[in-house]
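Q: model this:
(2 chains)
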Amino acid sequence: SQTIHQWPATLVQPVGSPLSLECTVEGTSNPNLYWYRQAAGRGLQLLFYSVGIGQISSEVPQNLSASRPQDRQFILSSKKLLLSDSGFYLCACRGPEVGYTFGSGTRLTVV
Amino acid sequence: QKEVEQNSGPLSVPEGAIASLNCTYSDRGSQSFFWYRQYSGKSPELIMFIYSNGDKEDGRFTAQLNKASQYVSLLIRDSQPSDSATYLCAVNSGYSTLTFGKGTMLLVSP
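A: Residues are numbered from 1 along each chain as shown, chains lettered A, B, ... in the order given. Sure, this is the predicted structure:
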């Protein structure tokens, strides 16, 4: 079965600082990969998804970007964080199994 | 805009009772429907999926789908305090993406 590794678990960053969150997948190849954000009191918001290396689709225009340099690696980045970027960031994978598998998440607080 | 609506709750039930969680969706073309459970501070975990109209049972959980009414529900029989969590309804929305509802918080009291 597929396993998603996501780090760090928690992060506190000042406004205007850069961000890099990494997600790697084991146990499957050619997975669809997703970045979601869950803000306080809100549902899961799809940020980016990727169906292959170098292929990124953005769902929400914002100051975040994503990259997929390898088949099982998905990176979420920002050059300058905003207060509104705070939230629980989740990487998800859709492999051969039904539905999504989620990583353990990164709780980001921008101060 | 594809939407998935859930009552935010909290839904409070006593231990041993049946909990009924409901979800409606706007995209009539949706084909796959999922229920995730999310404990506070944790990531969601898949508990049920359903593709066809009718009921699907897995242990204490039953998912019900009515595509004509664009309605999905999750029944939890013999509710336990460990079932206390937020339950997310998710619907496929094309390109292998899922649209999630905001979730219903379930509280099971001993």
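Q: Where do the strands of chain B begin and end?
A: In chain B, the strands defined using DSSP state E lie at B:4-5, B:11-14, B:19-25, B:33-38, B:45-50, B:54-58, B:61-66, B:71-76, B:85-92, B:98-100, B:104-109.
Q: and the helix or strand harbouring A:Ser65, what's its mean pLDDT?
A: For A:Ser65, the element it lies in under DSSP states H and E is strand A:64-70. Per-residue pLDDT values over strand A:64-70 give a mean of 94.
Q: Which secondary structure elements does it sit against?
A: Judged by 3 or more Cβ pairs under 8 Å, 6 or more residues apart in numbering or on different chains; DSSP states H and E, the packing partners of strand A:64-70 are strand A:44-52, strand A:55-58, strand A:73-78. Bear in mind the C-beta positions are built from the backbone N, C-alpha and C, glycine included.
Q: And the strands of chain B, which one averages the lowest pLDDT?
A: strand B:98-100 (a mean of 90).
Q: Tell me the residues on chain B that lie near chain A, please.
A: Counting by Cβ under 8 Å from any Cβ of the partner chain, the residues of chain B close to chain A are B:34, B:41-46, B:49, B:88, B:90, B:95-103.
Q: one more time with 6 Å
A: Residues of chain B found near chain A (Cβ under 6 Å from any Cβ of the partner chain) are B:34, B:43-44, B:46, B:49, B:96-97, B:100, B:102.
Q: By neighbours, which of those wins?
A: B:Pro44 (28 neighbours; other Cβ atoms under 10 Å in any protein chain shown).
Q: Contacts (any at all) between chain B and the lowest-mean-pLDDT helix or strand in chain A?
A: Between all helices and strands in chain A, the lowest mean by mean pLDDT, DSSP states H and E belongs to strand A:55-58, at a mean of 83. No - for strand A:55-58, no contact with chain B is found by Cβ under 6 Å from any Cβ; the gap never falls below 7.2 Å.
Q: May I have the strands that pair with that strand, each with its orientation?
A: strand A:44-52 (antiparallel) (DSSP bridges).
Q: Return the distance of the partner strand from the chain's centre.
A: 8 Å (Cα atoms, centre = their mean, to the nearest Å).
Q: Mind listing what's buried along it?
A: A:44-50 (16 or more other Cβ atoms under 10 Å in any protein chain shown).
Q: ditto for stretch A:53-70
A: A:56, A:64, A:66-68.
Q: nearest to A:Leu81, of these?
A: A:Leu64 (9.1 Å; Cβ to Cβ).
Q: Tell me how far the closest residue to the closest one other than its chain neighbours lies from B:Ala68.
A: Distances taken as Cβ to Cβ, 6 or more residues apart in numbering or on different chains place A:Ser78 nearest to A:Leu64, at 5.1 Å, with adjacent residues excluded. Counting by Cβ to Cβ, to the nearest Å, the gap from A:Ser78 to B:Ala68 is 44 Å.
Q: neighbours of B:Arg28, just the number please.
A: B:Arg28, neighbours per other Cβ under 10 Å, totals 8.
Q: For it, which non-adjacent residue is spatially closest?
A: Of all residues not flanking B:Arg28 in the chain, B:Gln70 sits nearest, at 6.5 Å (Cβ to Cβ, 6+ apart).
Q: what about the one you found, distance to chain A?
A: 18 Å (Cβ to the nearest Cβ, to the nearest Å).
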